[in-house]
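Novice: here you go, sequence then predicted model.
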Amino acid sequence: MTRQPTILRIWIPATLIAVAIALSGEKRGTACDTPVYRYAMYNWTPSFYHVLYVHEKSEDEADVAVNGMLDDAGRGQAAANILFRRIDVANEDALAAEPREVQAAIAQLEDVPRPFHLIFSPRGSVLFADRLDTDAAKQLLDSPARQQIASLLDAGNAGVLLLFKTGSDEANAAAESEVRAAIERASAGEIVPFTLGGPEVVDPEDEQSLRVGLVVVDPHDPDESWLTTMLLGVEDDLDDYEEPMVFGVYGRGRASWPYLGGGIQAENLNECIAFMSGACSCEVKEQNPGMDLLIEWNWEATAEALARQFPDDEGQELYRVDELFPAIVAAPPATDSGTGDDSASEAADAGRAETSEETAVELAAVDASSVEGANESAEGDRTQSAAERVASAQDASASSVAEQRPPDDAGEFTNRVSVGLGWLVGGSFVVALLLSLVFVRGRAS
């Protein structure tokens, strides 16, 4: 029997997006005008799916190839957000050092023949506990729909509306009609992106910020079996519903909480698109509802291309390598001005040249130290872009740059207004929730 979504189930995903935007202003020094989808692409590293090979003593020869594939998938430029490792349960000390969640899961799976593969989602839930073969591992790492999602995000779309057809034919068709209509409204400039403390105005020339892609997934498609598992794992009880679902996917493949059945309507879809294309308000990824999908893609290349297209974006400082290595402009040769100050001019030229050399040496030294630090990190074996290697150098220079800037009274005022609006919206949310509960209790009595 189909479970119908309650009014709270329809209303909460959209409300939480708005509340997260408003309340996050309290934790920020200034507002950020960079759209959410671009800030997320620059800064939000996808959370990992942990794949554990649970075995006793030696690794089974039949699993060497598949384990090697899983291990290699998390390396390189087009790496998947996956961490693979082996757990020898015969080694009691090593098993005791594992997180409690891992120990508990292995203990509950004592009846599963060993060896087997244990897969945890970024939320910490168990997605799979069985033995993977090569074909299953390939489907875990990639699928046509996930490549389509990544390609649409790489092309500069503000996000992707993923329609998951888990309902009846009639319900699925109605949901798809709503989604396509929302995408058309976004393309026509009829959806206003969220802003922070400023006028809500859509720039008619900035059509790219409101381009939204569409991906339709059939849960019965065998090629998308793993994507189906991931989507139903975004929330705990999604597999209990037999209604179409719509997920907003943005950044480096982060899927938001879905709209279900009757919640797939113009107002909610407009708000989802307005959030993805609007000014970023919450820089911390985990404070935004949803879960990262497992996608094999070179997100660094996508982020670098986006940063070149929007060089003034806040939040993409890691990709401004030219700012860390400024061009040294040579001073023009001294001319005979007839003033008798040739010696002073030569001294000034020498001073400028000496300063330029010292600057170049200091930048080179800072960059070398940042590379060494990166190579010594836990993820040092992963291929790193030039932007990542100079991240620490950018951080070191950020404080000195901030000291040279005059105080921004207008920015501080805007931030205080954002905080006030945040508390207002948050209070409204609490009051509305309480009223809803009182209404439900009154109906029950």
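Specialist: The structure has been received and is ready for your questions.
Novice: now do the SS call for Val112.
Specialist: Using DSSP: H, G, I helix; E, B strand; the rest coil, the structure places Val112 in coil.
Novice: ok, now which ones touch it?
Specialist: Val112 makes contacts with Ala129, Asp130, as judged by CB atoms under 8 Å, 6 or more residues apart in numbering. The C-beta positions use only the backbone N, C-alpha and C, and glycine is treated the same way.
Novice: quick check, pLDDT for it.
Specialist: Reported pLDDT at Val112 in the predicted model: 95.
Novice: now the closest residue to Asp33 other than its chain neighbours: phi and psi?
Specialist: Leaving aside its sequence neighbours, Asp33 sits nearest to Ala279 (CB to CB, 6 or more residues apart in numbering; 5.2 Å). Main-chain torsions, Ala279, degrees, to the nearest 10: phi -60, psi 140.
Novice: tally of neighbours for Ala279?
Specialist: The local packing of Ala279 (other CB atoms under 10 Å) involves 20 other residues.
Novice: how about Val179, secondary structure?
Specialist: helix.
Novice: and it, how many neighbours?
Specialist: Close neighbours of Val179, defined as other CB under 10 Å, add up to 21.
Novice: please apply the same query to Gln139.
Specialist: Count around Gln139 with other CB under 10 Å applied: 16.
Novice: verify the contact between it and Asp221 for me.
Specialist: No. Here Gln139 does not reach Asp221: they are 10.9 Å apart, not a contact under CB atoms under 8 Å.
Novice: quick one: the strands in the stretch 101-250 of the chain?
Specialist: For the stretch 101-250 of the chain, applying DSSP state E, counting those that start in this stretch gives strands covering 116-120, 126-130, 159-164, 212-217, 245-250.
Novice: and those strands as TSV, adding mean pLDDT?
Specialist: Output for the strands of the stretch 101-250 of the chain, formatted as TSV (pLDDT from 0 to 100):
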stretch	mean pLDDT
strand 116-120	98
strand 126-130	97
strand 159-164	98
strand 212-217	98
strand 245-250	98
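Novice: how about those, which one is nearest Met230?
Specialist: Minimum separation from Met230 across the strands of the stretch 101-250 of the chain (CB to CB) falls at strand 126-130, 7.4 Å.
Novice: okay, the strands of the stretch 101-250 of the chain in TSV with distance to Thr195 and mean neighbour count next?
Specialist: TSV is the format used below for the strands of the stretch 101-250 of the chain (distance: least, CB to CB, whole Å; neighbours: other CB atoms under 10 Å):
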stretch	distance to Thr195	mean neighbour count
strand 116-120	38	21
strand 126-130	38	16
strand 159-164	17	26
strand 212-217	18	20
strand 245-250	17	27
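Novice: distance to Gly263 added to the ones you listed, as CSV?
Specialist: As requested, these are arranged in CSV below (distance: least, CB to CB, whole Å):
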stretch, distance to Gly263
strand 116-120, 29
strand 126-130, 25
strand 159-164, 13
strand 212-217, 18
strand 245-250, 8
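Novice: which residues in the stretch 201-350 of the chain form helices?
Specialist: Here the stretch 201-350 of the chain has its helices, by DSSP state H, counting those that start in this stretch, at 225-232, 266-277, 299-309, 321-324, 342-375.
Novice: among these, show the one with the smallest mean pLDDT.
Specialist: Set side by side, these give their lowest mean pLDDT on helix 342-375, at a mean of 42.
Novice: where does Leu435 land on pLDDT?
Specialist: The per-residue pLDDT reported for Leu435 equals 68.
Novice: residue contacts, the closest residue to Ile295 other than its chain neighbours?
Specialist: Counting by CB to CB, 6+ apart, Ile295 lies nearest to Gly253, which is 4.4 Å off, once chain neighbours are set aside. Applying CB under 8 Å, 6+ apart, we find Gly253 in contact with Pro46, Asn81, Arg146, Ile149, Ala150, Leu153, Asp292, Leu293, Ile295, Trp297.
Novice: cutoff 10 Å now
Specialist: 40, 44, 46-47, 81, 146, 149-150, 153, 160, 230, 291-295, 297, 299 (CB atoms under 10 Å, 6 or more residues apart in numbering).
Novice: ok, now Gly290?
Specialist: Per CB under 10 Å, 6+ apart, neighbours of Gly290: 13, 17, 122-123, 234-235, 247-251, 254-258.
Novice: can you tell me which of the residues you listed has the most neighbours?
Specialist: Neighbour counts for the contacts of Gly290, by other CB under 10 Å, peak at Tyr250, which reaches 30 neighbours.
Novice: quick one: the closest residue to that one other than its chain neighbours and Ile183, what's the gap?
Specialist: Nearest residue to Tyr250, sequence neighbours excluded (CB to CB, 6+ apart): Gly159, at 3.9 Å. Gly159 sits 10 Å away from Ile183, going by CB to CB, to the nearest Å.
Novice: shared neighbours, the two?
Specialist: Common neighbours of Gly159 and Ile183 (CB under 10 Å, 6+ apart) are Leu210, Arg211, Val212, Gly213, Ile273.
Novice: between the residues you listed, which sits nearest Ala96?
Specialist: Gly213 (46.7 Å).
Novice: the closest one and Gly167: what is the separation?
Specialist: Separation of Gly213 from Gly167 (CB to CB): 21 Å.
Novice: what of Ser177?
Specialist: Ser177 sits 13 Å away from Gly167, taking CB to CB as the criterion.
Novice: more neighbours: the two, which one.
Specialist: Relative neighbour count places Gly167 above the other of Ser177 and Gly167, with 20 against 11, counting by other CB under 10 Å.
Novice: just give me the neighbour total for the closest residue to the more buried one other than its chain neighbours.
Specialist: Excluding the flanking residues, the one nearest Gly167 by CB to CB, 6+ apart is Pro244, at 4.1 Å. Other residues near Pro244 number 25, with proximity taken as other CB under 10 Å.
Novice: what of Tyr42?
Specialist: Neighbour count of Tyr42, defined by other CB under 10 Å: 26.
Novice: check pLDDT for the contacts of Gly290 and point me to the minimum.
Specialist: Lowest pLDDT among the contacts of Gly290: Ile17, with 50.
Novice: can you pull the domain assignment for the chain?
Specialist: 1-313, 320-404 (automatic domain parsing).
Novice: lowest average pLDDT across those domains?
Specialist: Across these, domain 320-404 has the smallest mean pLDDT, namely a mean of 42.
Novice: can you give me the end-to-end span of stretch 217-226?
Specialist: Terminal residues of stretch 217-226 lie 12 Å apart, using CA to CA, to the nearest Å.
Novice: so for that stretch, what gets flagged as buried?
Specialist: Buried positions in stretch 217-226, judged by neighbour count with 16 or more other CB atoms under 10 Å: Val217, Pro219, Glu224, Trp226.
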